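> okay, predicted coordinates and the sequence, questions at the end:
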Amino acid sequence: MDAVTSHEALTPSQPETVARLAQLSDGEKISLLKIAKLYARHAGNDHQTLLREAFTRVLTGTKVWPKEAGAIEFITGVLRGVAWGWKSDSLSAAAEATGASSSQRDGNAVVEVDKIIALFDGDETARKLVVAMLDGAKGEALSIISGLDKAGYESKRAEIRCRIENFFATER
């Protein structure tokens with residue numbers, strides 16, 4: 001199977017994507033609405049606009065929904081990406097207005113973020129939570145993204161906190 005055929009086998013067609021969106025349960029829709037409200041608040045826009053933009057990107061193929069990806073995980077990622085883009089645009093405009101240059105600081109921050117994410121190689125749930133936290137997710141959104149029950153989620157957060165604290169203790 002060549003690379004193109006392999007990619008096509010993993011990528012749903014537009015009608016398949018429409019069908020997957022239509023099959024969202026009421027619980028999934030409510031979860032996505034709550035997550036959109038959280039991200040929209042931090043991005044300076046309303047949640048309905050954020051949801052519309054995310055669904056538009058999915059339906060137009062701008063964001064391709066891999067067949068193996070779950071609805072909540074994938075659409076949360078799209079919501080996060082759209083909100084992050086809005087927030088970044090807003091921050092860039094503010095930096096331009098003040099004449100601030102942050103390229104060196106941004107470069108250093110990227111290196112640190114990569115090191116922190118690498119701490120969780122081999123633990124996909126923790127890695128997913130850390131990336132979401134770095135993107136600004138909090139509270140209920142993180143709980144939903146984790147897919148864990150309350151006790152499992154709290155345990156995973158404690159583990160993440162401990163690893164990050166140890167990382168910073170050894171970095172100094």
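Alright, I've got the coordinates.
> which residue is the nearest non-sequential neighbour of Glu159?
Once flanking residues are discounted, Glu159 sits nearest to Ala126: 6.5 Å by C-beta to C-beta, 6 or more residues apart in numbering. Using the backbone N, CA and C atoms, a C-beta is placed for each residue, glycine as well.
> what about that neighbour, how many residues nearby?
Using other C-beta atoms under 10 Å, the number of residues around Ala126 comes to 19.
> and if you look at Phe168?
Residues contacting Phe168 under the criterion other C-beta under 10 Å number 10.
> and it, how close does it get to Val113?
Going from Phe168 to Val113 by C-beta to C-beta, to the nearest Å gives 13 Å.
> common neighbours of these two, please.
Common contacts of Phe168 and Val113, defined by C-beta atoms under 8 Å, 6 or more residues apart in numbering, are absent altogether.
> not counting its neighbours along the chain, what's nearest Lys150?
With sequence-adjacent residues excluded and distances taken as C-beta to C-beta, 6+ apart, Lys150 is closest to Ser143, at 7.5 Å.
> could I get the buried residue list for the helix or strand harbouring that neighbour?
Following DSSP states H and E, one finds Ser143 within helix 139-146. Using 16 or more other C-beta atoms under 10 Å as the test for burial, helix 139-146 gives 141-146.
> got the residue ranges for the helices in this protein?
Listed from the start of the chain, the chain has helices (DSSP state H) covering 3-10, 14-22, 26-43, 47-60, 71-98, 103-118, 124-134, 139-146, 150-171.
> mean pLDDT lowest where, among these?
Mean pLDDT per stretch puts helix 3-10 lowest among the helices of the chain, at a mean of 47.
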